[in-house]
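>>> Attaching a predicted model along with its sequence, questions to come.
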Amino acid sequence: MKALTAALLVLLAACGKGRVIFNIDVLSFLSASDSLKGYNVIGGIPQTDSTVSRQFILPPGFGKSSVDSVSATAAASLENATGSGSVQFDVFFSKAQGSLFTGTPYLTASSGAVVGADTVPLLPPTTVSLADSVFNTDSLWVGIRARLSTNVGPNMTGHLRLNQIQLRIVLQDKVF
């Protein structure tokens, strides 16, 4: 056992500066009802929000490491059935649930004007590089918001489908 421990320590010392890379599929932590949200909003409503939030417990030691880089990728689609209006799709990250939806979203995309039966992709920039201390933690809150605005007329009904939300976090290795 001592020989194995010594060999591992020598191997770790020989590796020099290490990086740990985590690829997190955020959608895999959401229920089916969270990734496909139905809506039925009365026509003429200037703004209504539909949100979902989840806490992610990251591997022990994550908060002790320094974050080298973070990139996020997201995609959603609006499947409108009736009515008209617009939808803004936002993704938030926070260390605490209470402050999750209070700041500027990390990822955002707008449907533009939607009229009647239509399917519209909501694609923020393909990958966004994030630099924020919010990722230096052992637990992270992720919030997703659909902000709907409807025009006067029939109710705006349909579904917002989350297709992809992924995080790639690169750490300076101090996990162990």
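Structure received. Note that the structure is predicted; figures quoted are calculated from it, not measured.
>>> so what's Ser86 bridging to?
Under the criterion DSSP bridges, Ser86 forms beta bridges with Ser149.
>>> next one: Leu107
Val91.
>>> ok, how many other residues are close to it?
By other C-beta atoms under 10 Å, 22 other residues sit near Leu107. For every residue, glycine as well, the C-beta is placed using N, CA and C.
>>> just the one 4 residues further on next, same as before
Neighbouring residues of Ser111 were enumerated by other C-beta under 10 Å; the total is 22.
>>> Would you confirm that it contacts Val120?
Yes - counting by C-beta atoms under 8 Å, Val120 is a contact partner of Ser111 at 4.6 Å.
>>> Show the backbone phi and psi for Phe135.
phi -90, psi 0 (degrees, to the nearest 10).
>>> Need the pLDDT of it.
In this model, Phe135 is scored at 78, pLDDT.
>>> Likewise for Arg54?
So Arg54 comes in at 89 (pLDDT).
>>> shared neighbours, Ser111 and Val120?
Leu78, Val87 (C-beta atoms under 8 Å, 6 or more residues apart in numbering).
>>> mind showing which ranges of the protein have poor pLDDT?
1-17, 59-65, 124-128, 130-132, 173-176 (pLDDT under 70).
>>> hey, where'd the strands end up in it?
19-25, 36-41, 48-57, 66-82, 84-94, 107-110, 114-115, 118-122, 128-130, 139-150, 156-172 (DSSP state E).
>>> Would you format the ones you listed as JSON lines with distance to Leu100 included?
Shown next, in JSON lines, are the strands of the chain (distance: least, C-beta to C-beta, whole Å):
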{"stretch": "strand 19-25", "distance to Leu100": "17"}
{"stretch": "strand 36-41", "distance to Leu100": "17"}
{"stretch": "strand 48-57", "distance to Leu100": "6"}
{"stretch": "strand 66-82", "distance to Leu100": "15"}
{"stretch": "strand 84-94", "distance to Leu100": "4"}
{"stretch": "strand 107-110", "distance to Leu100": "14"}
{"stretch": "strand 114-115", "distance to Leu100": "26"}
{"stretch": "strand 118-122", "distance to Leu100": "20"}
{"stretch": "strand 128-130", "distance to Leu100": "15"}
{"stretch": "strand 139-150", "distance to Leu100": "4"}
{"stretch": "strand 156-172", "distance to Leu100": "15"}
